[in-house]
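K.L.:
Sequence first, predicted model second:
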Amino acid sequence: MTRAMGNRPACGSGRWAGHWQQRADVVVIGTGVAGLVAALAAHRRGRKVVVLSKTGDTATFYAQGGIAVVLPDALRDAGDSVDAHVADTLAAGAGLCDPDAVRSIVSDGYRAVRELVDEGARFDESASGSWALTREGGHSRRRIIHAGGDATGAEVQRALNGAATTLDIRHNHVAVELLHEAGAVTGVLVLNEDGPGVVHAPSVILASGGLGHLYSATTNPDGSTGDGVALAMWAGVAVSDLEFIQFHPTMLFDGDNAGRRPLITEAVRGEGARLVDSQGRSVTAGVHPMGDLAPRDVVAAAIHARLEETGAPCVFLDARGIDGFATRFPTVTAACRAAGIDPLLEAIPVVPGAHYSCGGVLTDVHGRTELAGLFAAGEVARTGMHGANRLASNSLLEGLVVGVRAGKAAVAHALDAGPVTAAPPEPAVRRALPRRDLQRAMTKHAGVVRDADGLRLLAKELDTARPRPIDSRATFEDVALTTVATGVAAAAMARTESRGCHHRSDFPDAEGQFARSLIAAGACC
Ligand code: SIN
């Protein structure tokens with residue numbers, strides 16, 4: 001059942017005056033791939049599950065390229081194997097992946113995809129009737145399954161939304177604080193149109209997605225404001241690898257580079273498109289042996305360097321040589337045409353754009369955090385899968401695999417812990433910068449390339465944040481963004497080297513002593 005609103009303020013009672021109250025075994029925050037598979041796994045084990053949805057929009061829906069997965073022998077690209085997928089993931093992750101986590105998630109990929117098919121997802125097929133496979137940056141083999149050409153996320157979301165009609169989903173509910181006592185979760189403080197309320201629950205799963213709106217322009221939907229990372233930081237739960245923000249090399253550039261901008265999937269390069277500057281010169285020639293299909297941190301940095309060198313506002317993706325482009329890439333074609341660009345006749349203007357947080361709330365491969373009863377899955381989590389740079393199309397894979405595991409682990413914890421009652425929360429007042437100022441400062445000083453001077457200016461600006469009561473979605477998002485920006489800035493300053501998608505112009509090389517993740521714990525702001 002999907003319920004829109006319908007919580008009433010609790011009557012009378014002193015301690016809880018002004019708060020509505022609900023109970024659940026498991027609360028899931030987010031309705032993308034990780035959130036819905038987690039919620040379904042918990043619901044099917046007979047638990048009372050409440051799913052909180054802030055905007056109803058998810059990053060999953062916008063995913064284009066596909067799901068990286070090693071298929072059974074007869075169906076896979078010649079020479080592909082779990083070992084090869086693990087090796088590509090580790091290479092992209094630049095020394096910071098947890099190899100055991102990578103192997104665990106990659107090995108479970110095909111099973112997780114079959115479960116998604118059981119939920120109703122359909123993937124594109126080749127003439128032989130087996131799944132069509134494409135390639136993206138950093139992959140040594142064709143191993144990416146896709147749907148609707150370049151609308152994989154929309155298909156995944158469609159299938160899961162169909163299955164989720166059995167779930168209790170609360171729309172326009174914003175989780176604003178994790179409640180915990182004696183080292184264990186007791187519930188979530190939530191804002192809805194009735195005001196603040198509490199869902200008492202022993203298990204909470206963060207599946208709230210990413211943080212692209214730290215920047216002025218991003219491929220992420222509006223709700224990607226770092227909520228889960230901020231909630232964890234306020235609860236004193238460890239977060240890690242926050243400096244590794246992945247800039248997708250090819251976000252559409254149409255002059256109006258603010259807010260959510262369309263992605264031009266890497267699969268376009270996988271099918272043969274070339275990245276060139278305004279003079280028609282290759283952007284990646286001589287940069288990496290894989291050329292335009294190098295891992296995306298390498299390609300994004302090469303574009304950034306070319307833009308600095310030429311002063312041009314964008315580079316171009318020339319896809320005119322791809323047969324049947326409009327059929328293979330209908331989403332990209334429509335986005336280009338909406339911006340007045342015909343990709344069949346002209347090269348597509350692109351720039352790197354904030355796309356994915358490789359770091360997040362520190363978890364194991366079952367989504368368990370260091371706080372009993374708190375789980376995280378999907379982009380909000382840092383499982384060790386992505387290291388310093390996520391391999392393309394590994395995110396839906398991770399969300400599927402870890403989401404289900406987190407749902408099961410949350411049920412086990414809820415059964416173990418039994419019913420809990422949260423203490424009434426103190427009214428939260430936290431610091432926030434005005435959003436546009438924060439985005440401008442992050443874009444200028446913590447973008448594709450950073451340095452100590454810029455990061456110092458960023459920290460100074462963040463220090464001017466003013467206390468704001470958290471009384472609406474907007475103020476919650478502003479404080480969440482400010483908290484997370486503070487974490488990103490500190491991590492980027494501390495990592496005095498370049499590695500993966502963290503490029504320091506003042507420390508251009510990787511340094512052996514930094515071949516480890518930085519972990520931050522504790523509250524700020
Ligand atoms: C893309 O289609 O290029 C994006 C896929 C991803 O972020 O993994």
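P.N.:
Yep, that arrived.
K.L.:
Tell me the residues of the chain that contact the ligand?
P.N.:
Within the chain, the positions lying close to the ligand (Cβ under 6 Å from any ligand atom) are 63-65, 136, 265-267, 356, 392-393, 395. No exception for glycine: its C-beta is placed from N, CA and C like everyone else's.
K.L.:
if you set the cut-off to 5 Å instead, what comes out?
P.N.:
64-65, 265-266, 392-393 (Cβ under 5 Å from any ligand atom).
K.L.:
For the ligand, what is the nearest residue in the protein?
P.N.:
Here the chain gets closest to the ligand at one residue, Gly65, 2.6 Å apart by Cβ to the nearest ligand atom.
K.L.:
so that residue makes contact with Arg269?
P.N.:
No. Taking contacts as Cβ atoms under 8 Å, Gly65 lies outside contact range of Arg269: 10.2 Å.
K.L.:
Need the overlap of contacts for these two.
P.N.:
Common neighbours of Gly65 and Arg269, counting by Cβ atoms under 8 Å, 6 or more residues apart in numbering, are Glu136.
K.L.:
Now Asp124: closest residue in space, sequence neighbours ignored.
P.N.:
Leaving aside its chain neighbours, Asp124 sits nearest to Ala132 (4.6 Å; criterion: Cβ to Cβ, 6 or more residues apart in numbering).
K.L.:
that's a helix at Lys460, yeah?
P.N.:
Yes. Using DSSP: H, G, I helix; E, B strand; the rest coil, the assignment for Lys460 is a helix.
K.L.:
any idea how far the nearest residue to Arg516 once chain neighbours are set aside lies from His180?
P.N.:
In space, Arg516 comes closest to Leu96 once its chain neighbours are excluded; the distance is 7.3 Å by Cβ to Cβ, 6+ apart. For Leu96, the distance to His180 equals 29 Å [Cβ to Cβ, to the nearest Å].
K.L.:
now Arg468
P.N.:
Note on Arg468: its distance to His180, by Cβ to Cβ, is 23 Å.
K.L.:
and what of Val239?
P.N.:
In terms of Cβ to Cβ, Val239 sits 16 Å off from His180.
K.L.:
Now do the SS call for the residue of the chain closest to the ligand.
P.N.:
Quick answer, by three-state DSSP: Gly65 is coil.
K.L.:
Show me the shaky parts of the chain.
P.N.:
1-16, 522-525 (pLDDT under 70).
K.L.:
got the contact list for the residue most central in space within it?
P.N.:
Central residue of the chain (Cα atoms, centre = their mean): Glu379, 3.3 Å from the mean position. Going by Cβ under 8 Å, 6+ apart, Glu379 touches 34, 59, 209-210, 356-357, 360, 395, 399.
K.L.:
mind running it again at 7 Å?
P.N.:
Contact analysis of Glu379 by Cβ atoms under 7 Å, 6 or more residues apart in numbering lists 59, 209-210, 356-357, 360, 395.
K.L.:
As JSON lines, the residues of the chain next to the ligand with distance to Cys314 and neighbour count would be great.
P.N.:
Below are these laid out as JSON lines (distance: Cβ to Cβ, whole Å; neighbours: other Cβ atoms under 10 Å):
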{"residue": "Gln64", "distance to Cys314": "19", "neighbour count": "26"}
{"residue": "Gly65", "distance to Cys314": "21", "neighbour count": "25"}
{"residue": "Thr265", "distance to Cys314": "17", "neighbour count": "28"}
{"residue": "Glu266", "distance to Cys314": "17", "neighbour count": "28"}
{"residue": "Ala392", "distance to Cys314": "21", "neighbour count": "27"}
{"residue": "Ser393", "distance to Cys314": "24", "neighbour count": "29"}
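K.L.:
ok, so of these, who is nearest Lys48?
P.N.:
Distances from Lys48 to these, taken as Cβ to Cβ, are shortest for Ser393 (34.3 Å).
K.L.:
can I assume that closest one is in contact with Ile144?
P.N.:
Yes. Assessed by Cβ atoms under 7 Å, Ser393 is found in contact with Ile144 at 4.8 Å.
K.L.:
quick one: common contacting residues for these two?
P.N.:
65-68, 136.
K.L.:
Among the residues you listed, list the two that are farthest apart in space.
P.N.:
Largest separation among the shared contacts of Ser393 and Ile144 by Cβ to Cβ: Ile67 and Glu136, giving 11.1 Å.
K.L.:
shared neighbours of those two, which are they?
P.N.:
Common neighbours of Ile67 and Glu136 (Cβ under 7 Å, 6+ apart) are 144, 393.
K.L.:
Can you list the buried residues in the host helix or strand of Ala84?
P.N.:
Using DSSP states H and E, Ala84 sits within helix 82-92. Neighbour counts over helix 82-92 (16 or more other Cβ atoms under 10 Å) mark 84-86, 88-92 as buried.
K.L.:
same question, stretch 494-510
P.N.:
Buried-residue list, stretch 494-510, by 16+ other Cβ under 10 Å: 495, 497-504, 507.
K.L.:
Reformat the residues you listed as JSON lines; add distance to Gly18 and secondary structure.
P.N.:
Converted to JSON lines, these look like this (distance: Cβ to Cβ, whole Å; DSSP: H, G, I helix; E, B strand; the rest coil):
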{"residue": "Arg495", "distance to Gly18": "44", "secondary structure": "coil"}
{"residue": "Glu497", "distance to Gly18": "50", "secondary structure": "coil"}
{"residue": "Ser498", "distance to Gly18": "50", "secondary structure": "coil"}
{"residue": "Arg499", "distance to Gly18": "48", "secondary structure": "strand"}
{"residue": "Gly500", "distance to Gly18": "46", "secondary structure": "coil"}
{"residue": "Cys501", "distance to Gly18": "44", "secondary structure": "coil"}
{"residue": "His502", "distance to Gly18": "44", "secondary structure": "strand"}
{"residue": "His503", "distance to Gly18": "48", "secondary structure": "strand"}
{"residue": "Arg504", "distance to Gly18": "48", "secondary structure": "strand"}
{"residue": "Phe507", "distance to Gly18": "51", "secondary structure": "strand"}
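K.L.:
For Ala39, which non-adjacent residue is closest in space?
P.N.:
That would be Val28: by Cβ to Cβ, 6+ apart, it lies 4.4 Å from Ala39.
K.L.:
Skip ahead from the particular helix or strand that has the one you found in it and say which helix or strand is next.
P.N.:
According to DSSP H and E, Val28 maps onto strand 26-29. Next helix or strand after strand 26-29 toward the C-terminus (DSSP H and E): helix 33-43.
K.L.:
Quick one: list the elements packing against the next helix or strand after that following helix.
P.N.:
For helix 33-43, the following helix or strand on the C-terminal side (DSSP H and E) is strand 49-53. Counting contacts by 3 or more Cβ pairs under 7 Å, 6 or more residues apart in numbering; DSSP states H and E, strand 49-53 packs against strand 26-29, helix 33-43, strand 168-171.
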